[in-house]
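Trainee: what follows is a predicted protein model with its sequence.
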Amino acid sequence: MTGTDATFRGVADPLGPHEVRALAEELDLKPTKSKGQNFVHDANTVRRIVTVSGVGRGDTVVEVGPGLGSLTLPLLDAAGRVVAIEIDPLLAGRLPTTVAERAPELAGNLTVVTADALAVRGTDLGEPRPTALVANLPYNVSVPVLLHLLAEVPTLRTALVMVQLEVADRLAAAPGSRVYGVPSVKAGFFGTVRRVGTVGRNVFWPVPNVESGLVRIDAYDNPPWDLGQAHRTRVFAVADAAFAQRRKTLRAALAGWAGSAAQAELALVEAGLDPRTRGEQLTTADYVRIAEAAGRLGIGPAHREP
């Protein structure tokens, strides 16, 4: 990362409303809700997203759902390389041509992976591995895609995603907040999470029914816990159980996960937590402590007979 704000080469010609409509007409493209297709057509908005992401020449950026290329072009203008994951073969096939037409000097810095972002593996993204995620995520799968890529691409140092405003609030919520929940805990497992802006609905085509928010996640410089898959799975299972019955005390909410309320209490006490606490009051670090305490005591699904 080069700093707080990105700097642009100034050699990529951005897409505006006219260009977006013309490309869609050429492809006979009719955006669908099922694919979460809402294309940004405002150049200032996409430049702001790239600026806030802070990507620079040393970064390889993974973009999810590039669509017609509105965000891809300014990303290429600022970053060293862009790997675009696009599930729609029609859009994936047109994107390199769009970049070659509007940023010919940078066309060689683009790699398009035609795949479902929820199924892609880190090895599918080539070398060097991505250091940043910058994307306008489809509303219907935004949190699963974000969490999947944070887990699958451990080289990511930062993520800047545009999501539905309500989802942005949930991801960045602090313990005790009305909207604090599983997404907040899981995003906080990977780094510090904050909301860094809002985006009005009128910069999209078609115009969505909701506002959008920008969320930035900065990976921990020195991770405070093991980020590996096995440990992450155990921690996430505790959070899922706690919020499945968020109105109950943790002693009751974690009973099914632990095997009984008494076992849940043992794990909570071992972790230094009051069993009468509710899940919405705990930090991500607290959930890590519960999972680790349960592991030491042999409590939890992994320790029970199948």
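Mentor: Received it, and whenever you're ready, just let me know what you need.

Trainee: just say helix, strand or coil for residue 225.
Mentor: Assigned by DSSP: H, G, I helix; E, B strand; the rest coil, the conformation of residue 225 is coil.

Trainee: list the residues that contact it.
Mentor: Counting by C-beta atoms under 8 Å, 6 or more residues apart in numbering, residue 225 makes contact with 189, 231, 235, 285, 288. Where C-beta positions appear, they are placed from N, C-alpha and C, glycine not excepted.

Trainee: ditto for residue 69
Mentor: Under the criterion of C-beta under 8 Å, 6+ apart, the contact list for residue 69 reads 15, 23, 95, 98, 99, 102.

Trainee: check residue 10 too.
Mentor: Going by C-beta under 8 Å, 6+ apart, the list of residues near residue 10 reads residue 77.

Trainee: so it: helix, strand or coil?
Mentor: For residue 10, the secondary-structure state derived from three-state DSSP is coil.

Trainee: do you know how far the residue lying farthest from the centre of the chain is from residue 279?
Mentor: Note on the chain: the largest separation between a C-alpha and the mean C-alpha position, by C-alpha atoms, centre = their mean, falls on residue 262 (36.1 Å). Separation of residue 262 from residue 279 (C-beta to C-beta, to the nearest Å): 19 Å.

Trainee: greatest separation within the contacts of residue 225: which pair is it?
Mentor: Farthest pair in these (C-beta to C-beta) is 231 and 285. Separation: 13.2 Å.

Trainee: one step back: any idea how far the residue farthest from the centre of the chain is from residue 95?
Mentor: Distance, residue 262 to residue 95, by C-beta to C-beta: 57 Å.

Trainee: do the same with residue 65
Mentor: If you measure residue 65 against residue 95 using C-beta to C-beta, the figure is 11 Å.

Trainee: now do residue 21
Mentor: If you go by C-beta to C-beta, the gap between residue 21 and residue 95 works out to 17 Å.

Trainee: and the pLDDT at residue 139?
Mentor: Reading off the per-residue confidence, residue 139 sits at a pLDDT of 84.

Trainee: next one: it from residue 204, what distance?
Mentor: In this structure, residue 139 and residue 204 are 11 Å apart, going by C-beta to C-beta.

Trainee: report the set of residues contacting both of the two.
Mentor: residue 38.

Trainee: could you list every helix and strand in contact with the strand or helix carrying residue 23?
Mentor: Secondary structure assignment for residue 23, by DSSP states H and E: helix 17-26. For helix 17-26, the elements it packs on are strand 204-205, judged by 3 or more C-beta pairs under 8 Å, 6 or more residues apart in numbering; DSSP states H and E.

Trainee: okay, now the unreliable bits of the stretch 1-150 of the chain?
Mentor: Within the stretch 1-150 of the chain, the stretches with pLDDT under 70 are 1-6, 32-36.

Trainee: what are the buried residues along the longest helix anywhere in the chain?
Mentor: Selection of the longest helix in the chain by residue count, based on DSSP state H, yields helix 229-244. Residues of helix 229-244 classed as buried: 231, 232, 234, 235, 236, 237, 238, 239, 241, 242, 243 (neighbour count, 16 or more other C-beta atoms under 10 Å).

Trainee: again with stretch 288-296
Mentor: Buried residues in stretch 288-296, defined by neighbour count with 16+ other C-beta under 10 Å: 288, 289, 290, 291, 292, 293, 294, 295.

Trainee: do stretch 215-224 as well
Mentor: Applying a neighbour-count criterion of 16+ other C-beta under 10 Å, the buried positions in stretch 215-224 are 215, 216, 217, 218, 219.

Trainee: what's next to whichever helix or strand the second one is part of, contact-wise?
Mentor: For residue 216, the element it lies in under DSSP H and E is strand 212-219. Contact partners of strand 212-219, identified using C-beta under 8 Å, 6+ apart, comprise 49, 52-53, 150, 156-165, 167-169, 171-172, 187, 190-201, 204.
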